[in-house]
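Visitor: what follows is a protein structure lacking sequence information:
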């Protein structure tokens, strides 16, 4: 898999990582589709049916900091291999638990798969390492575009594999294992560049200095708020649509268009970042998120759900993808594993909390007031990013290591 691309083309490593991202998101869609249904069958009570989904999210969050340590200690390739093998072990445990109707074991399996997904979320930063400096924003954005393929392939795989085995959903788990195996084979051969020499003792600047940078703090906050808000509303949408007497086909179509809106812009987001700048793109994403929330006033009209969820996906893309690219401009190479791990731990921790709160808040407030209640999050996001943009303009004497790409 060693190739020499033209100077203006993205390195082939980026395209292989895009495929790995597509496999990762496809597997996540399969898992989210079948996990609550399996939970209904083997959970001791209906109230615990969605617990495995929350456990998976906890695994994703828990993997962030260890994945950063593994990257610094062993390098990108070994970290991704460990992540994929852990995911396959989790799938195997889930399969055994489904066969034995063992709910605790199934939750343990989804936790392991979650840690694998959390490790795989570093694919976007591996693409940044592999790309030349002028193409880093585009490389990160292109890896995220792998989710477009997943939006079509993931649901198809979930539907067409669930009845393959006599044991319900065992075929879906086998298909999920196949995705992880393909990703493992790719990672084993694709050339990857480490942000720091594995085992290096160089640690870089202290956390106090790193987090004292306005850009780094703002990038983390933008990713955290944008991702958490999207997760909260997306998770609550099926509940709101069902409460409005809409059938499962309507719900599935709305979620499908939402996922496409999340990932399809990534084909051009990198170029837009280069042309407009990080702060402008995040501010635009914040406005789109606010418009998505305002659409709730017209619910339960079908078009309001479609429009709102599409705007929600676009807003997520412009905030999260851009925030990830912005983050890469704030640290030295030896600081990359620590900063990336902290960022993902906070972002996915917020998303996990949002997914847990979606049900209770939706039941307590209702769809419209839930959306209005989180509208101030968009205002906070706009103020944080606008303040940092102003600081960047007024601090022309800021040190290059604090602002320039690394």
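Guide: Now that the structure is in, tell me what you want to look at. Fair warning: this is a prediction, and the values are worked out from it, not measured in the lab.
Visitor: mind giving me the domain ranges of the chain?
Guide: Residue ranges for each domain of the chain read 7-195, 207-406, as given by automatic domain parsing.
Visitor: which SSE is residue 117 in?
Guide: Using DSSP states H and E, residue 117 falls within helix 103-120.
Visitor: report the buried residues of that helix.
Guide: Buried residues in helix 103-120, counted by 16 or more other C-beta atoms under 10 Å: 103, 105-120. All C-beta spots, glycine's among them, are computed from the backbone N, C-alpha and C.
Visitor: show me what it packs onto, helices and strands only.
Guide: On a contact count with 3 or more C-beta pairs under 8 Å, 6 or more residues apart in numbering; DSSP states H and E, helix 103-120 meets helix 12-42, helix 51-74, helix 76-100.
Visitor: for the stretch 251-400 of the chain, which residues score under the pLDDT cut-off?
Guide: Along the stretch 251-400 of the chain, segments meeting pLDDT under 70 span 396-400.
Visitor: that one: helices as residue ranges?
Guide: Per DSSP state H, counting those that start in this stretch, the stretch 251-400 of the chain carries helices over the ranges 266-276, 278-294, 302-316, 322-327, 336-365, 367-373, 375-394, 400-403.
Visitor: got the contact list for the closest residue to residue 367 other than its chain neighbours?
Guide: Among residues not flanking residue 367 along the chain, residue 240 sits closest, at 3.9 Å (C-beta to C-beta, 6 or more residues apart in numbering). By C-beta atoms under 8 Å, 6 or more residues apart in numbering, the contact set of residue 240 is 299, 300, 305, 362, 367.
Visitor: how many neighbours does residue 163 have?
Guide: By the criterion of other C-beta atoms under 10 Å, residue 163 has 12 neighbours.
Visitor: that one: what secondary structure?
Guide: Look at residue 163: counting by DSSP: H, G, I helix; E, B strand; the rest coil, its state is coil.
Visitor: I'd say it and residue 170 touch.
Guide: No. Using C-beta atoms under 8 Å, residue 163 makes no contact with residue 170, being 9.8 Å away.
Visitor: list the buried residues for the host helix or strand of residue 143?
Guide: Assigning secondary structure by DSSP H and E places residue 143 in helix 136-144. Within helix 136-144, the residues scored as buried using 16+ other C-beta under 10 Å are 136, 137, 138, 139, 140, 141, 142, 143, 144.
Visitor: also stretch 38-58?
Guide: Within stretch 38-58, the residues that count as buried by 16+ other C-beta under 10 Å are 38-39, 42-43, 49-58.
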